[in-house]
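S.K.: Predicted model and sequence below, questions to follow.
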Amino acid sequence: MVQYNMSRNNEGGFIQILGNNINSGYRFNVSHGDGSRILGINGATQNGRLVNISSHCIKNGITQNCQSIGNFVYNNTIHIPVGLNPKIHFGSKSGETFFYNNIFVSESYSHTIKSTVNETMNTFKMDSNLFFPQEYFQLQHVIEENSYFEDPKLILNTQNEKLKYRLELDSPAYQMGENILEVIRDEHHTFHDIERDFFKNQFTSFNSLNVGADNSPIGNLFYLPATNFFYLSFLFGVLLFLNFRYVRSLKSNSHLSV
């Protein structure tokens, strides 16, 4: 299991699960700039892949197609910067995969992030993933039909790594996620209890999960979007002015009574 990691600028990609695995997966990670590899450049045989779920395995020295049980990819935040063209790939005969509550944000306006989903000998359960902006992605129906396409309003324009990739206060991604325990837990999956998210926010309930790696209930109180900051500053100034007028009126009334 891969959790609580920052994956940055890995040429091959981010998530990879090959065949013949049980309960392997990725949760509460952040990815930035992964999957820059380009087919045909420096001997590359395929483009980089943000998600690569494959049946590839080797048994007794022979390459085979092997199904996996209980693959999971949930509550990860993936940021694709300008110029990258990675793929999302779910291969045939790879078995059982749960794909929930992930955020994909692309700034690569010159490329379309394409997906391939081969449902042959597979069980895919996919829901509540967010892709933004929608026109930058070419998604197979099985991914697209239960996904979101609103701007998740990630905090990207900051040098503060403790804030970057978190949700702004007015993000729509709060409490949009699926309850992972209800979705995944059965005889094969008994370890999905979790205490915190990527940003060390403690869990109180799985009933109101956010989408992405930030599961704070109210966002970060020490960050305000620029527009909100402007209006709050204006409101604060008005309140100070009214308070000043009120104090002056009290003093004036006290002098008159004397």
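M.R.: Good, I have the coordinates.

S.K.: contact partners of stretch 46-53?
M.R.: The contact list for stretch 46-53 (Cβ atoms under 8 Å, 6 or more residues apart in numbering) reads 11-17, 31, 34-39, 71, 73, 78, 80, 84-91, 94, 97, 99, 104, 113. Just so you know, the C-beta spots here come from the backbone N, C-alpha and C atoms, and that holds for glycine as well.

S.K.: Val142: what secondary structure?
M.R.: helix (DSSP: H, G, I helix; E, B strand; the rest coil).

S.K.: show me the contacts for the nearest residue to it once chain neighbours are set aside.
M.R.: Nearest residue to Val142 in three dimensions, chain neighbours excluded: Val117, at 5.2 Å (Cβ to Cβ, 6 or more residues apart in numbering). For Val117, the contact set (Cβ under 8 Å, 6+ apart) comprises 90, 124, 140, 142-143.

S.K.: ok, now Tyr109?
M.R.: 82, 136.

S.K.: give me that answer again for 7 Å
M.R.: Applying Cβ atoms under 7 Å, 6 or more residues apart in numbering to Tyr109 gives the contacts Tyr136.

S.K.: so how far is Ser208 from it?
M.R.: 33 Å (Cβ to Cβ, to the nearest Å).

S.K.: ranges for the helices of the stretch 151-258 of the chain?
M.R.: 180-184, 226-257 (DSSP state H, counting those that start in this stretch).

S.K.: Report the mean confidence score over the shortest one.
M.R.: In this case it means helix 180-184. Helix 180-184 shows a mean pLDDT of 81.

S.K.: go on, the last one?
M.R.: Taken as a whole, helix 226-257 carries a mean pLDDT of 60.

S.K.: quick revisit: what subset of the contacts of Val117 is buried?
M.R.: With neighbours counted using 16 or more other Cβ atoms under 10 Å, those contain these buried positions: 90, 124, 140, 142-143.

S.K.: Adding pLDDT, write those out as JSON lines.
M.R.: Output for the buried ones among the contacts of Val117, formatted as JSON lines (pLDDT from 0 to 100):
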{"residue": "Phe90", "pLDDT": "97"}
{"residue": "Phe124", "pLDDT": "95"}
{"residue": "Gln140", "pLDDT": "96"}
{"residue": "Val142", "pLDDT": "94"}
{"residue": "Ile143", "pLDDT": "96"}
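
S.K.: ok, those vs Ser7, which is closest?
M.R.: Phe90 (19.1 Å; Cβ to Cβ).
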